[in-house]
Every structure is written in C-alpha cells, then in structure tokens.
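Trainee: sequence? don't have it. structure:
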C-alpha cells in the first residue's frame, strides 16, 4: 500500500508543479493587458498606442486620466514611451 501511495503522491505533485509552471508564463501583451485593466478598475481612463516587434511590445503616448471628484477637473499622467520585453523564459522586463 505504501508504494501505491508514494506513486500516487509523486504523480499528483508532478501535475501540480507542471500546472504552476504553465500559469507563470507571461507575454508582454499579458502584462500590458493586466496593467491596463487594473488601472481602469481604479478609475483611470487609459489610452495610447502599442506596437509589437519581435519579443518587445512598445507602448507610446500612454495617457492615464482620472476625473477629480466634486470638481470640474481631471488629472492626467503621460508616459511618452515604454517597452515590455519578453525574456523567452516566461518572464517580462
């Protein structure tokens, strides 16, 4: 019985570890999409251009705009250029 338990436990551990590795793989587009969605969920309007070349996603003129409550005004942040580079190992710089 202990051999069957050990084999089953080993198989389960391998499945869990391989599944976690698959979840860790990110693309530059994934990172940008999650960041953009998060900012939108906190009240920012996010606009800008994006261009993919090879393993690098270049974002240009990214503007984050949020209205000021109880005022006829808004706050804007401009990021002229930003690059997200896929490292080939499931991570992004």
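Mentor: Nice, I can see it. Predicted model only: the values in this text are computed from it and were never measured.
Trainee: now stretch 59-73: mean pLDDT?
Mentor: What stretch 59-73 shows for mean pLDDT is 92.
Trainee: Distance from it to the middle of the chain?
Mentor: 22 Å (CA atoms, centre = their mean, to the nearest Å).
Trainee: what does stretch 76-93 give?
Mentor: Remark: stretch 76-93 is offset 10 Å from the chain centroid, using CA atoms, centre = their mean.
Trainee: how about it: buried residues?
Mentor: If you call a residue buried by 16 or more other CB atoms under 10 Å, then stretch 76-93 has these buried ones: 84, 86, 92. (C-beta placed from N, C-alpha, C; glycine too.)
Trainee: Which secondary structure state is assigned to the residue sitting nearest the centre point of the chain?
Mentor: The chain has residue 31 as the residue nearest its centroid, 2.1 Å off, counting by CA atoms, centre = their mean. Of the three states, residue 31 takes helix under DSSP: H, G, I helix; E, B strand; the rest coil.
Trainee: ok, now the one 5 residues further on?
Mentor: Here residue 36 is recorded as helix under three-state DSSP.
Trainee: Can you report how many residues lie near it?
Mentor: Residues contacting residue 36 under the criterion other CB atoms under 10 Å number 18.
Trainee: what sits against the residue lying closest to it once chain neighbours are set aside?
Mentor: Excluding the flanking residues, the one nearest residue 36 by CB to CB, 6 or more residues apart in numbering is residue 46, at 5.0 Å. Each residue near residue 46 by CB atoms under 8 Å, 6 or more residues apart in numbering is listed here: 36, 39-40, 62-64.
Trainee: Now the buried members of those.
Mentor: 36, 39, 62, 64.
Trainee: Just the ones of those residues in strands?
Mentor: Among those, the residues falling in strands (DSSP state E) are 62, 64.
Trainee: Which residue ranges of the protein form strands?
Mentor: Under DSSP E, the chain gives strands at 45-53, 56-67, 74-85.
Trainee: Can you tell me which of those is nearest to residue 25?
Mentor: For residue 25, the closest of the strands of the chain is strand 74-85, at 14.5 Å, according to CB to CB.
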